[in-house]
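Visitor: here's a sequence, model it:
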Amino acid sequence: MAGPSSARVDHAVTSGTFSLDGETFDVDNNVWVVGDDTECVVIDAPHSVEDILQVVADRRVKAIVCTHAHDDHVRVAPALREATVAPILLHPDDRPLWELTHREHLWDVDLADGQTLEVAGTTLQVLHTPGHAPGAVCLYAPDLGCVFTGDTLFHGGPGATGRSYSDRPTLEASIRAKLFDLPPDTIVHTGHGEDTTIAAERAGLDATE
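Guide: Residues are numbered from 1 along each chain as shown. Model prediction:
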């Protein structure tokens with residue numbers, strides 16, 4: 001029987017821009033790194049390789065996992081891949097968005113709903129949650145009691161759906177089907193802004209109906 005996982009979640013905030021549909025906005029993105037003192041996975045690759053590598057420190061990066069392919073989540077993914085020799089993982093439904101930012105480079109491994117990723121003795125479960133983007137995924141870490149939601153679910157409700165390749169009913173259906181069945185006290189680590197919990201966001205979305 002395996003011993004307890006030594007995995008932990010490390011975090012930083014990095015600043016840059018988000019561009020889509022001819023508009024550009026200043027944004028702060030969360031950088032999430034899951035692992036132990038030896039190895040880790042990086043969740044999303046926004047803005048700055050240097051900022052991400054500060055969180056990684058001297059650990060081996062097993063994978064760069066993209067929650068979706070908006071430019072503020074994948075802009076430095078190829079450069080981070082070069083720096084860490086780690087593969088980029090993305091759901092293939094987000095190829096149209098990926099190609100808006102990276103025409104010369106593809107990702108390495110397709111993500112799929114139900115897939116599991118192992119790091120530092122813990123497991124990340126891939127949940128395909130389309131709506132904010134067609135290939136958006138969340139990563140559930142049951143051992144750590146948290147889920148990484150990218151821009152699918154925030155403190156205060158679902159992610160934005162006012163731009164190309166997004167759809168509000170699809171997003172709400174994804175959240176209800178894939179996230180609201182998680183334990184209520186599951187911590188939600190978002191792509192932007194502060195943490196929340198499944199219970200808080202379920203109550204908030206139910207109250208708007």
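Visitor: grab the nearest non-local neighbour of His91.
Guide: Nearest residue to His91 in three dimensions, chain neighbours excluded: Gly135, at 3.3 Å (C-beta to C-beta, 6 or more residues apart in numbering). (Each C-beta comes from the backbone N, C-alpha and C, glycine too.)
Visitor: which residues touch that neighbour?
Guide: Gly135 sits next to 68-69, 90-95, 97, 111, 128 when contact means C-beta atoms under 8 Å, 6 or more residues apart in numbering.
Visitor: and the longest helix along the chain, what other elements does it pack with?
Guide: Ordering each helix of the chain by length in residues (DSSP state H) puts helix 198-207 first. Here helix 198-207 touches strand 157-158, going by 3 or more C-beta pairs under 8 Å, 6 or more residues apart in numbering; DSSP states H and E.
Visitor: tell me the first helix or strand C-terminal of the strand it packs on.
Guide: Once strand 157-158 ends, the next helix or strand along the chain (criterion: DSSP states H and E) is helix 168-174.
Visitor: dump that next one to CSV, restricted to CA.
Guide: Extracted C-alpha coordinates of helix 168-174, given in CSV (Å, rounded to 0.1, in the frame of the first residue of the first chain):
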residue,chain,number,x,y,z
ARG,A,168,-23.2,30.1,-21.3
PRO,A,169,-25.8,27.2,-21.2
THR,A,170,-23.0,24.8,-22.1
LEU,A,171,-20.8,26.2,-19.3
GLU,A,172,-23.5,26.0,-16.6
ALA,A,173,-24.3,22.4,-17.7
SER,A,174,-20.6,21.5,-17.4
